[in-house]
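*Asks:* Provided below are the primary sequence and the corresponding predicted coordinates.
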Amino acid sequence: MFRSPKPLLRARSIAIVGASDRARWPVSIYHNLTSVKAKVKILPINPSRNEVWGLACYPNFASLPMHPDLALVIIPAKHVLVSLEEGTRHGLKAALVYASGIGEGTDPEFHRRGLALKNLCDKTGLVACGPNCMGTVSVKEKLFLYPNPDFNLSKPGPVAGVFQSGGTLQHWCRVAAERGVRFSYMVSSGNELSLDTADYVNFFVDDPKTNIIVLMIEGIRRADAFKAAAQRALIAGKPILAVKVGQTKEAQNSAKSHTGAIAGDYDVFAALCGRYGIVLCPTLDDMVETVLAFQLKRLPKGNAMAFISNSGGVVDLLHDHVAQENAKLASYSEKTIKNVRTLVGPDMPMQNPMDCGQAGFSDPKNYMRICEAVASDPRVNMLAFEARTPNREGERSAIPLKELKKRTDIPVFAFNRMEYTISEVGRFYQEQTGIPHLQSMPETIRAMKALAFYAKRKGNSVPQIPLPTGQKKTLQAGNIEKALSHLGISSPVSRFAKTADEAAKVATKIGFPVALKIISEEISHKTEVGGVMLGLSTQAEVRKGVDILRKRIKKNNKSQNLSGYLLQEMVEGIEVIVGVREDPLYGPVLVAGAGGILVELVRDIAFCMLPVNKPTATKMIEDLSINKLIQGFRGSKPADREALIDAILGLSKFYLGHRPWLSDLEINPLIIREKGKGVRAVDIRFHLHKKFNK
């Protein structure tokens, strides 16, 4: 399943194809290697030169005095394949292909080149990074194969990364390094026609120098391999942090044209991250702060946060940010309140977030005593105190912060209310204290939430999808409703009618009031065409309703054919949607949220990969805004939350049991009735896989 990038990232001999003392990229990479005194044999290849950079230059791979571990292919795209074919005939095992125009975009020639390169790799075992990339960085090995000197002074560290955008990698690493992030490997993976993100992640999991993995993803090429690598990272306790493009259709289309990858549904990818313990960062800036937080090498035992400042304004802002990020604040014990009171003035409120005023501003040692008193509270899982790094030597002692870290075992952070520029003095101060100094309050809160998210999942195995146990005949008309009712998902009493008189008689048997709906194979969203009438209370109203619907559909949809009418008992309650489907990239996924016409209007939905267990289903509901309605809002009675949870579990079980035939199944609306009265599946729609849908 995996291909190893070892000959690429740990090469001891490198052929530079396209070596020239006039071309910027070959010159820059050569200077990188020589300036850091990399212990690597450099073999220039250029058929029109005998010497480059004072080294013997060879016309081709056949003339080299040895088989290189790696070839840096810095030549136009149209010549790449011929060069690599010749290289593989002479022992070449790895290549770094910088050129674009191979595999991406819409040009048929680009795609032909991409397919040819992929076939060469599959046939010969060659592993390649790229094409359309900007190189790789192996810090400990001093292999700075990036065409600029930005990485040359990098110090080895625990962070390895894969960015599908080479330019973004360069800029992110520069900012992260300025903040104190240290790297083991960084890869600009490009179009990933050979080695892909899954291969690199799998390699980093086994690398003893790497403890944290960061990703910038435009598209996942092999979802199953990526999931397998992510599971290995989760079990090994190596957190993966990712920024993923594709939240909009425009971003997805851009990713397709730029890398040739398929950017999957962002919501489903987020659900996959939740299942595999991947921290999904909303921005590149967030990923910097979150990496710094993880570099502390401390995970919380819960998600309760404490914040300490010396500004009332910061406290007010923190209250807003905590609410916006749906974070949890710790409540202090009486012992903590008593201990802190002795360290701050009598006028300071004992609250979280807390303003300790001059007691913190004027006395750094006392400020840390306050922090220590709060950090010792067993109800506090993480602590952040307001502070920034100094800009001048001797401006501030690192000792009080070092002592704080030593005297507590929970994650502790300094934070600043806004972003600021950190100097070399500041970076050294941060290293001395051993405490990450995070910037901007929302990013600090999200970084702390990420720690709690990962701590809850670290070391866990991912539940496997069970083998299907259902039968295809269950999906025949009428059978699916019966099967779902056995799983706690009952439908309203319903009857079919073809005429107005028949509808009136059927409604009487059901009992008034009733709902009247059109039945047409050509109309899936009945409400959008005015095909539903609710609360009909007499036979006369039903007859009139049939006439109205018939005329309405004929007027607005002349080509549509009605096969009849559905009469249903009226069910009152909260409308939700619960659906399951097979995502083409990531596998079976479940969605739950506000239903009826609110689905697209308010987009209050949650996603989860299947299978779903009760804690997961419960968490999905808790994350929805509609949960307030379910609990009982403004005097309304609580809805049957347990029945909704059972319905989610039942739908998950049913779908997985019939997965070979069923492509998607949706209930919208599913009515949650009053507590103790269950749910009703008002509208069930499903589709079979195409091969069974003839």
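*Replies:* Looks like it came in fine.

*Asks:* what's next to stretch 454-467, contact-wise?
*Replies:* Here stretch 454-467 makes contact (Cβ atoms under 8 Å, 6 or more residues apart in numbering) with 227, 231, 234-235, 237, 239, 275-277, 279, 294, 299-301, 587-588, 610-611, 613, 656, 659. For the C-beta atoms, the positions are set from N, CA and C on the backbone; glycine is no exception.

*Asks:* Can you pull the poorly scored residue ranges out of this protein?
*Replies:* 248-264, 360, 522, 524, 557-560, 600, 691-694 (pLDDT under 70).

*Asks:* How is it divided into domains?
*Replies:* According to automatic domain parsing, the chain comprises the domains 6-292, 296-457, 493-569, 574-692.

*Asks:* Which ChimeraX command selects the buried ones in the contacts of stretch 454-467?
*Replies:* Of the contacts of stretch 454-467, the buried ones can be selected in ChimeraX as follows, counting by 16 or more other Cβ atoms under 10 Å:
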select :227,231,234,239,275,276,277,279,294,299,300,587,588,610,611,656,659
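
*Asks:* Inside strands: which ones of the contacts of stretch 454-467?
*Replies:* 279, 587-588 (DSSP state E).

*Asks:* Among those residues, which one sits closest to Glu393?
*Replies:* Looking at the ones in strands among the contacts of stretch 454-467 and their distance to Glu393, the nearest is Val279, at 35.1 Å (Cβ to Cβ).

*Asks:* Now do the contacts for that closest one.
*Replies:* Neighbours of Val279 in contact, by Cβ under 8 Å, 6+ apart: 239-242, 273, 290, 450, 453-454.

*Asks:* Specify the beta-bridge partners of it.
*Replies:* Leu241 (DSSP bridges).

*Asks:* Can you give me the separation between it and Lys677?
*Replies:* Distance, Val279 to Lys677, using Cβ to Cβ, to the nearest Å: 40 Å.

*Asks:* Show me what counts as buried in stretch 347-365.
*Replies:* So, applying 16+ other Cβ under 10 Å, buried residues of stretch 347-365: 348, 352-357, 359-360.

*Asks:* Tell me how far it lies from the chain's centre.
*Replies:* 37 Å (Cα atoms, centre = their mean, to the nearest Å).

*Asks:* Stretch 606-624 now?
*Replies:* That offset, for stretch 606-624, works out to 16 Å (Cα atoms, centre = their mean).

*Asks:* Please enumerate residues in contact with it?
*Replies:* Everything outside stretch 606-624 that qualifies as a contact, by Cβ under 8 Å, 6+ apart, is 267-268, 270-272, 274-275, 463, 465-466, 580, 586-594, 604-605, 627, 630, 641, 644-645, 648-649, 652-653, 655-656.

*Asks:* Dump that stretch to PDB, restricted to CA.
*Replies:* Provided in PDB are the C-alpha atoms of stretch 606-624 (Å, rounded to 0.1, in the frame of the first residue of the first chain):
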ATOM      1  CA  ALA A 606     -23.100  17.600  11.500                       C
ATOM      2  CA  PHE A 607     -21.200  14.900   9.700                       C
ATOM      3  CA  CYS A 608     -19.700  11.600  11.000                       C
ATOM      4  CA  MET A 609     -18.000   8.700   9.300                       C
ATOM      5  CA  LEU A 610     -19.700   5.300   9.800                       C
ATOM      6  CA  PRO A 611     -20.100   3.300  11.900                       C
ATOM      7  CA  VAL A 612     -21.600   5.500  14.500                       C
ATOM      8  CA  ASN A 613     -21.800   4.600  18.200                       C
ATOM      9  CA  LYS A 614     -24.000   6.200  20.900                       C
ATOM     10  CA  PRO A 615     -21.400   8.700  22.200                       C
ATOM     11  CA  THR A 616     -20.700   9.900  18.700                       C
ATOM     12  CA  ALA A 617     -24.400  10.300  17.900                       C
ATOM     13  CA  THR A 618     -24.900  12.200  21.100                       C
ATOM     14  CA  LYS A 619     -22.000  14.500  20.400                       C
ATOM     15  CA  MET A 620     -23.400  15.200  16.900                       C
ATOM     16  CA  ILE A 621     -26.700  16.300  18.400                       C
ATOM     17  CA  GLU A 622     -25.000  18.400  21.000                       C
ATOM     18  CA  ASP A 623     -23.000  20.200  18.300                       C
ATOM     19  CA  LEU A 624     -26.200  21.300  16.500                       C
END
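
*Asks:* Now that stretch: buried residues?
*Replies:* 606-612, 616-617, 620-621, 624.

*Asks:* Using JSON lines, lay out the buried residues of stretch 347-365 together with secondary structure and distance to Lys93.
*Replies:* Below are the buried residues of stretch 347-365 laid out as JSON lines (DSSP: H, G, I helix; E, B strand; the rest coil; distance: Cβ to Cβ, whole Å):
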{"residue": "Met348", "secondary structure": "coil", "distance to Lys93": "66"}
{"residue": "Asn352", "secondary structure": "coil", "distance to Lys93": "57"}
{"residue": "Pro353", "secondary structure": "coil", "distance to Lys93": "56"}
{"residue": "Met354", "secondary structure": "strand", "distance to Lys93": "59"}
{"residue": "Asp355", "secondary structure": "strand", "distance to Lys93": "61"}
{"residue": "Cys356", "secondary structure": "coil", "distance to Lys93": "60"}
{"residue": "Gly357", "secondary structure": "coil", "distance to Lys93": "64"}
{"residue": "Ala359", "secondary structure": "helix", "distance to Lys93": "63"}
{"residue": "Gly360", "secondary structure": "helix", "distance to Lys93": "59"}
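
*Asks:* Please narrow the contacts of stretch 606-624 to those residing in helices.
*Replies:* 267-268, 270-272, 274-275, 627, 630, 641, 644-645, 648-649, 652-653, 655-656 (DSSP state H).

*Asks:* What's the local residue count around the closest residue to Leu644 other than its chain neighbours?
*Replies:* Sequence neighbours aside, Ile672 is the residue nearest to Leu644 in space, at 5.2 Å (criterion: Cβ to Cβ, 6 or more residues apart in numbering). A count of nearby residues for Ile672, using other Cβ atoms under 10 Å, gives 27.

*Asks:* again, but for Gly135
*Replies:* 28.

*Asks:* start the count at 55, not 1, going forward
*Replies:* All right, first residue 55 from here; so that's Gly189.

*Asks:* Can I take it that Glu457 is in a helix?
*Replies:* Yes. Inclusion of Glu457 in a helix is indicated when DSSP: H, G, I helix; E, B strand; the rest coil is applied.

*Asks:* what about the domains of the chain, which gets the closest to Lys536?
*Replies:* domain 628-746 (11.3 Å).

*Asks:* starting at the chain centroid, how far to that closest one?
*Replies:* 21 Å.

*Asks:* From Leu492, how far off is the residue nearest to Ser58 when sequence neighbours are not counted?
*Replies:* With Cβ to Cβ, 6+ apart as the measure, Phe257 is the residue that lies nearest to Ser58, at 6.2 Å, once sequence neighbours are left out. From Phe257 across to Leu492, the span is 29 Å (Cβ to Cβ).

*Asks:* swap in Ala537?
*Replies:* 51 Å.
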